[in-house]
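> Take this sequence and fold it.
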Amino acid sequence: MFKSALIYRIDQWDRPALADIETRLDAARFTECGATQPESSGWVEPRNEKHAALVENIGGQLILKLCTETKAVPGSVIKTRLDERLDKIAEETGRRPKGKAAKELKEEIVHDLLPRAFPKRSTTLVWLDPEARYVVIGAGSAKKADGVATRLIELLGGGLALSLVNTELSPATAMAHWLATKEAPSGFSVDRECELKQPDSEKSTVRYARHTLEIDEVGEHIKQGKLPTQLALTWAGRVSFVLTEGLALKKIKLLDVVLESASQQSTQDDNNFDTDVAITTGELRQLIPDLIDALGGLLDRNRLMAPTVAPAEPAATADASLPPWEAEAA
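Residues are numbered from 1 along each chain as shown. So this is what the prediction gives:
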């Protein structure tokens, strides 16, 4: 159901009736790109069945699906056409257009070629959990997820306010601690994939794939200043995923113990949609709070915004010899 996910907190929402949400989504239903339109997006049926609902309520969990269609002309084709046009104008007038004139010619070429461009479609799944006050967006990048979140805020009404989940410990700091101490947080195990990156201009990177991480070499990289940007984890022996430095979950996979239970509960009537939603959301509803706890809990924004009092004596400088997780805590 989800391959990647970013998690948002519902800070405020006076939730409208389901019928009202359906009406709002229907007004923003997906339509194909027009002949010269480079992009179009809108809501489609999560069940992939024509004339089905645009918002599905499965056990109190709301499921939506955003469809995006893009049409792009290959850059090499645009460049070839543009050079031909510029050369022709130069021959006729003795001057080769530059700047604004060249840009307008390029836009004209793209406009002319778009009707022949092949469209590409992608869908993004959205899960709203009003009770737990989370929204999970099936995207691996913050930019894409933020775009979907903005659409939700504008469309769903009820004063919906969302914020990307932030934790007291940054994922990079926590992952560095787990790797350096060779101790995973409670309920989790460290798997065999990791990426470490130096946080400087060179961005030197070390990657481990299908390799045990319980080796001194990993700790040495961290001592040298490299920080984990990705780390493969398994939660409760039931769900595996890769945690990123931006608190995105990637490569989400339900493990055999979960899938065996799902196969026993599936029915032919709903094409397994209801079962898939119930199983996946049921697992992630437990995983998400456990992961947030492992990262020190939700960030206390009130504490961050509280006024600070100037110290009577100069504050002690951070000890550069401290590992990053201890320095952050200090």
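> Spatially nearest residue to Leu113 (excluding sequence neighbours)?
Counting by C-beta to C-beta, 6 or more residues apart in numbering, Val73 is the residue found nearest to Leu113 once chain neighbours are left out, at 4.5 Å. For the C-beta atoms, the positions are set from N, CA and C on the backbone; glycine is no exception.
> my guess is that neighbour contacts Val110, does it?
Yes. Assessed by C-beta atoms under 8 Å, Val73 is found in contact with Val110 at 5.6 Å.
> which regions of the stretch 1-150 of the chain sit below the pLDDT cut-off?
Applying pLDDT under 70 to the stretch 1-150 of the chain flags no residue at all.
> the helices in the stretch 201-330 of the chain, which residues?
Secondary structure of the stretch 201-330 of the chain by DSSP state H, counting those that start in this stretch: the helices cover 216-223, 256-265, 273-294, 301-305, 324-329.
> and those helices, which one's lowest on average pLDDT?
The minimum mean pLDDT among these belongs to helix 324-329 (a mean of 60).
> Just grab the bridge partners of Val126 for me.
Legend: beta-bridge partners of Val126 under DSSP bridges are Leu64, Ile137.
> Report the separation between it and Gly187.
26 Å (C-beta to C-beta, to the nearest Å).
> Equivalent analysis for Ser41, please.
Counting by C-beta to C-beta, the gap from Ser41 to Gly187 is 37 Å.
> who's more crowded, the two?
Neighbour totals were compared for Ser41 and Gly187, and Ser41 leads with 21 against 16 (other C-beta atoms under 10 Å).
> Quick check: the more buried one touching Glu69?
Yes. Ser41 is within contact range of Glu69, at 7.1 Å (criterion: C-beta under 8 Å).
> what residues do the two have in common as contacts?
Both Ser41 and Glu69 are in contact with Phe30, where contact means C-beta atoms under 8 Å, 6 or more residues apart in numbering.
> Can you tell me the closest non-neighbouring residue to Lys106?
Distance criterion C-beta to C-beta, 6+ apart; nearest residue to Lys106, sequence neighbours excluded, is Leu82 at 5.4 Å.
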